[in-house]
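S.K.: Sharing a sequence plus its predicted fold:
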Amino acid sequence: MKIFYKLTLALAAAMMVVTSAFAGGPMTNTNQSAHFLRSIARGTSLDTDAVYTNPAGVVFMDNGFHIGINDQMAKQTRTITSSYALFAQGAQNNGATTKDFKGEVFSPLIPSLHLAWKHNRWALMAGIGVNGGGGSLEFSDGLGSFERQFAILPSAISQLGGTLGAINPAMAVSVSQYDMNMELTGKSMTLAFNVGGAFRITDWLSIAAQVRVGVTNNSYVGAIDNIKINPTMAAMGLTGQMMSAADFFNAAGATLGAINPALAATATQYAAQTKDHILDVKQKGISVSPIIALAFHKGPWDASLKYEFKMGTELEIESAEVSASDPIINGIFPDGAKVKSETPALLAAAVSRHFGPVKVTAEWHHYFDKDAENSFSPTIDGNTNEYLMGVEWSINDRWLVSAGAQRTQLNMIENNYSDMNYSISSWSVGGGLAFLCTDNIRLNLGVMPTFYETATSNGSVALSETVSLPTTDVYKRTSLAWGIGLDLKFGRK
């Protein structure tokens with residue numbers, strides 16, 4: 001009975017990993033345009049991306065209409081190197097106790113649109129961009145935390161078989177291998193709509209306010225199926241060939257019926273737990289939050305201060321029939337239930353100075369992660385800080401080159417990480433150019449690779465009330481983004 005109980009917990013734990021897949025995180029997408037990719041520190045921008053990065057600064061732009069159209073593309077990988085002694089019993093693992101589980105993302109379309117109308121001391125603005133997510137992450141071979149839980153099957157069943165063999169030698173059961181198929185794809189996007197206005201209080205100081213509406217759509221599709229073991233048991237005529245774990249438990253329940261009805265009922269119950277499980281779940285939610293900002297613009301100096309309030313997103317679960325009818329999946333994704341997926345508040349400050357044709361910008365971001373409730377909450381130990389630096393050089397009236405760097409310093413509890421619910425401190429560098437095609441059209445090109453540190457978490461899996469085996473997960477990430485954008489201007493200076 002206790003062995004079967006442990007298996008129940010294992011199955012539940014395996015499926016719980018999916019709960020946090022792409023449900024949000026401690027970092028907001030600040031790369032809203034090609035401008036960011038080419039210079040990174042954009043907090044004092046007076047280009048079209050100021051609608052997002054420096055809303056109060058829009059009133060220091062030229063009079064008229066300004067339109068910014070951008071598309072970014074990104075390629076990312078997530079690799080988790082998982083170690084666990086019982087992986088050696090996997091039929092496809094060749095005796096190895098360490099495995100790599102890799103997820104890949106390619107996002108060919110991450111669009112943004114910035115609109116502004118400025119007239120003397122007043123400006124109106126609107127923007128659309130991907131505030132979070134924006135891609136599809138696929139783990140074609142599943143995850144280590146999934147496989148670890150099913151890797152206990154040989155040991156658990158063999159332990160039970162020893163107990164039965166003491167009663168009747170023909171009932172002794174031994175299992176030396178397991179096998180299974182896993183796959184998981186998560187899609188996530190929070191599309192943010194910003195609208196607001198700005199007013200120039202003095203010739204050098206302005207204020208702005210915006211309202212942001214975030215629309216989140218997540219989906220999780222995957223399967224844990226074809227779960228197999230290779231039992232040997234004389235009473236059932238089993239000789240060590242691979243067979244369905246669910247079929248074994250059904251047959252064991254029938255065999256044990258006259259010997260131990262309670263145990264037979266439990267075996268039948270666990271036949272249902274080891275059957276194929278199909279995941280098909282969506283999450284949707286809308287949130288509204290305000291943004292306030294100040295900007296300073298005088299001589300060679302620019303500065304800005306912006307506060308984005310927390311986006312209190314609450315997602316409603318929509319489970320497809322195949323998931324809603326599965327007791328394990330529906331127990332974790334109950335159809336119609338709601339979960340928190342809040343984006344933390346952000347305080348951003350920036351200052352820049354012009355040295356002739358060269359503009360140097362320094363910027364700081366502070367994310368109030370501790371105050372946001374989302375899937376990352378168990379891993380948060382403190383708030384996140386980002387430090388940004390950018391340089392733009394106007395070579396002549398038409399050409400501009402730029403570069404920048406960003407340090408993202410997280411404050412997290414690595415031992416609380418899971419396969420799909422982790423973030424890592426990183427360095428990003430960006431570079432690119434801008435070219436003034438005509439007096440009213442400018443082209444922006446940028447590229448930004450990100451270099452992540454390595455994180456490690458240690459844990460254990462209980463085989464019984466007194467025996468557990470250690471686990472180790474090493475987390476790695478890569479990211480490369482590139483983009484193109486157009487700035488359009490209509491009107492006179």
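M.R.: It's in. Numbering: from 1, shown residues only.
S.K.: hey, where'd the helices end up in this structure?
M.R.: Applying DSSP state H to the chain gives helices spanning 2-19, 34-39, 50-53, 144-150, 153-167, 245-256, 261-273, 321-324, 327-332.
S.K.: and Ser304, which of those is closest to it?
M.R.: Closest approach to Ser304 among the helices of the chain (CB to CB): helix 50-53, 8.0 Å. Heads up, the C-betas are built off the backbone N, CA and C, glycines and all.
S.K.: which other residues reach that closest one?
M.R.: Under the criterion CB atoms under 8 Å, 6 or more residues apart in numbering, residues 32-33, 36, 42-43, 45, 57-58, 61, 68, 112, 114-116, 125-127, 129, 194, 304 lie in contact with helix 50-53.
S.K.: before we move on, what about stretch 433-441?
M.R.: With CB under 8 Å, 6+ apart as the criterion, stretch 433-441 contacts 35, 38, 397-402, 442-445, 486-490.
S.K.: Let's see that with 6 Å instead.
M.R.: Residues from elsewhere that reach stretch 433-441 (CB atoms under 6 Å, 6 or more residues apart in numbering): Arg398, Trp399, Leu400, Val401, Arg442, Leu443, Asn444, Leu445, Leu488, Lys489.
S.K.: Sort out for me which of these are in strands.
M.R.: Trp399, Leu400, Val401, Arg442, Leu443, Asn444, Leu445, Leu488, Lys489 (DSSP state E).
S.K.: which one is the third one nearest to, not counting chain neighbours?
M.R.: Taking CB to CB, 6 or more residues apart in numbering, and ignoring the residues beside it in sequence, Val401 has Leu433 as its nearest neighbour in space, at 4.9 Å.
S.K.: Beta-bridge partners for that neighbour, please?
M.R.: Using DSSP bridges, the beta-bridge partners of Leu433 come out as Val401, Leu445.
S.K.: mind checking pLDDT for it?
M.R.: At Leu433, the model reports a pLDDT of 98.
S.K.: Leu11 too?
M.R.: Looking at Leu11, its pLDDT stands at 50.
S.K.: what do you get for Ser112?
M.R.: The per-residue pLDDT reported for Ser112 equals 95.
S.K.: Quick check: beta-bridge partners of the closest residue to it other than its chain neighbours?
M.R.: Closest residue to Ser112 apart from its sequence neighbours, by CB to CB, 6+ apart: Gly129 at 3.8 Å. Beta-bridge partners recorded for Gly129 (DSSP bridges): Ala192.
S.K.: residues in contact with Gly129?
M.R.: Gln32, Ser112, Ala192.
S.K.: what separates it from Leu109, distance-wise?
M.R.: Separation of Gly129 from Leu109 (CB to CB, to the nearest Å): 12 Å.
S.K.: Ok, Arg38 next?
M.R.: Separation of Arg38 from Leu109 (CB to CB): 19 Å.
S.K.: Between those two, point out the one with more neighbours.
M.R.: Arg38 (28 against 10; other CB atoms under 10 Å).
S.K.: Looks like that one contacts Gly446 (just checking).
M.R.: Yes - contact criterion CB atoms under 6 Å: Arg38 and Gly446 qualify, at 3.2 Å.
S.K.: Are there residues contacting both of the two? Which ones?
M.R.: Gly430, Gly432.
S.K.: longest strand of this protein?
M.R.: Longest strand of the chain, by residue count under DSSP E: strand 205-233.
S.K.: Hey, what's the angle from that one to helix 245-256? Just curious.
M.R.: Orientation check (axes from the mean of the first three to the mean of the last three CA atoms, to 10 degrees): strand 205-233 against helix 245-256 gives 40 degrees.
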